[in-house]
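Novice: The following comprises the amino acid sequence and a computationally predicted model.
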Amino acid sequence: MAIIEVEDLVKRYGDHTAVNGVGFAVERGEIFGILGPNGAGKTTTVECVEGLRVPDGGTIRVCGIDPRSETGELRQLLGAQLQESELPDKLKVGEAMELYGSFYREPADWRELLGILDLTDKIDTQFRRLSGGQKQRLSIALALIGNPRVAVLDELTTGLDPQARRDAWGLIERVRDRGVTILLVTHFMEEAERLCDRLAVIDSGRVVALDTPAGLVAGVDDRQRIRFRPSAPLDHSVLAALPEVTSVDRAGDQLVVIGTGNLLLAVTTVLARNQVTAAGLRVEQASLDDAFVALTGRTIDS
Ligand SMILES: Nc1ncnc2c1ncn2[C@@H]1O[C@H](COP(=O)(O)OP(=O)(O)OP(=O)(O)O)[C@@H](O)[C@H]1O
């Protein structure tokens, strides 16, 4: 059974339709990503899932619960990451965990959570004295304090440096390993590719694609490109004759072979047979960035 089900969700702000028929289902234990450019409707969608906004149309179920009518029950099941500004500057880390834990029927052991999130030595530190990465880790800890079955993380790693971002990815995976289903909003391609089991790409309030990261890429372009410098002149036609090859071109001193299937094996076998070695050989495949451009007609930052 799906843990989160969203069908035909519509949300308007005045006469602007921010979410226009969004639908997806998240299975238990998944890290499910919502990827899209600024203003696509990602946050509005997850705020409806969290019960923070009232949809104008469609249905949402979280563990079978309608966020609109069973808000109290939803709070016990769903952990939402707090915005930074929601914590008082002088509140200490331990106090915040204690306070937020008191809102739940069966809170997690907050000391254990701080241990997992590498914040044990910050228990007596005021919120304002934490670094950006520590604040983010605390916001994950607070999202998990109620022992939720679902955690919603919105732009969790925005503003973090690359190392802190990678650390956060490791943490999210550990949270999933504890049995929590994760709904993750992001506009970082690498994050989506590395972390998410499946992704809904949202653009202008609609889901334009929904698949695994690899499936999205393959759906757009399954061609590969091999570049190398041949150690000796090679008749292009021996490569062009291979069923895997669609084109062979020269770019400076390099050959560029484009094709599908087991292209690398086919090309290297021909080279070996002709006693040609391939210097600087690179295999290039379409990336999630390419898939995103193909799906939305623009890059994620434009
Ligand atoms: N409270 C609001 N009142 C009016 N319009 C809003 C409100 N919140 C969002 N919008 C508009 O709705 C659209 C979708 O916004 P939303 O924040 O859901 O997008 P997003 O994909 O999360 O974008 P971002 O990546 O920039 O956070 C945008 O055009 C935004 O300007």
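Specialist: Sure, I can see it.

Novice: where does the stretch 101-250 of the chain come near the ligand, residue by residue?
Specialist: Counting by CB under 6 Å from any ligand atom, the positions of the stretch 101-250 of the chain adjacent to the ligand are H187. C-beta coordinates here come from the backbone N, C-alpha and C atoms, glycine included.

Novice: which residues in the stretch 101-250 of the chain form strands?
Specialist: Along the stretch 101-250 of the chain, the stretches classed as strands by DSSP state E, counting those that start in this stretch are 150-154, 181-186, 198-203, 206-211, 224-230, 245-251.

Novice: Turn those into a markdown table, including mean pLDDT.
Specialist: A markdown table is the format used below for the strands of the stretch 101-250 of the chain (pLDDT from 0 to 100):
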| stretch | mean pLDDT |
| --- | --- |
| strand 150-154 | 91 |
| strand 181-186 | 93 |
| strand 198-203 | 94 |
| strand 206-211 | 95 |
| strand 224-230 | 92 |
| strand 245-251 | 90 |
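
Novice: Among those, which comes closest to D89?
Specialist: Taking CB to CB, strand 150-154 is the member of the strands of the stretch 101-250 of the chain nearest to D89, at 21.9 Å.

Novice: buried stuff in the closest one?
Specialist: V150, A151, V152, L153, D154 (16 or more other CB atoms under 10 Å).

Novice: Tell me which two of the residues you listed sit farthest apart.
Specialist: V150 and D154 (13.2 Å).

Novice: about what we covered before: which one of the buried residues of strand 150-154 is nearest to T296?
Specialist: Using CB to CB, D154 comes nearest to T296 of the buried residues of strand 150-154, at 19.9 Å.

Novice: Quick check, that closest one in contact with V185.
Specialist: Yes: counting by CB atoms under 8 Å, V185 is a contact partner of D154 at 4.3 Å.

Novice: Next, give phi and psi for V267.
Specialist: Note on V267: its backbone torsions stand at phi -70, psi -50 [degrees, to the nearest 10].

Novice: And the pLDDT for V293?
Specialist: With respect to pLDDT, V293 scores 81.

Novice: Turn the strands of the stretch 101-250 of the chain into TSV, including distance to V267.
Specialist: Compiled in TSV, the strands of the stretch 101-250 of the chain are given as follows (distance: least, CB to CB, whole Å):
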stretch	distance to V267
strand 150-154	42
strand 181-186	36
strand 198-203	32
strand 206-211	29
strand 224-230	6
strand 245-251	7
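
Novice: okay, the angle between the longest helix along the chain and strand 181-186?
Specialist: Longest helix in the chain by number of residues (criterion: DSSP state H): helix 162-177. Going by axes from the mean of the first three to the mean of the last three CA atoms, to 10 degrees, helix 162-177 is angled at 160 degrees with respect to strand 181-186.

Novice: Give me the buried stretch members for helix 162-177, please.
Specialist: A164, R165, D167, A168, W169, L171, I172, V175, R176.

Novice: cool, and stretch 205-222?
Specialist: In stretch 205-222, counting by 16+ other CB under 10 Å, buried: G205, R206, V207, V208, A209, L210, P213, L216, V217, V220.

Novice: I'd assumed A25 was in contact with the third one.
Specialist: In this case it means V207. No: with contact defined as CB under 8 Å, V207 does not reach A25; the gap is 11.4 Å.

Novice: List the contacts of the residue lying closest to A294 once chain neighbours are set aside.
Specialist: Closest residue to A294 apart from its sequence neighbours, by CB to CB, 6 or more residues apart in numbering: V220 at 4.4 Å. With contact taken as CB atoms under 8 Å, 6 or more residues apart in numbering, V220 is in contact with A286, D290, A291, A294, L295.

Novice: So which of the residues you listed wins on neighbours?
Specialist: With neighbours taken as other CB atoms under 10 Å, the top of the contacts of V220 is A291, carrying 25 neighbours.

Novice: and stretch 1-16, how far from the chain's centre?
Specialist: With CA atoms, centre = their mean, to the nearest Å as the basis, stretch 1-16 stands 19 Å off its chain's centre.

Novice: Perfect, that will be all.
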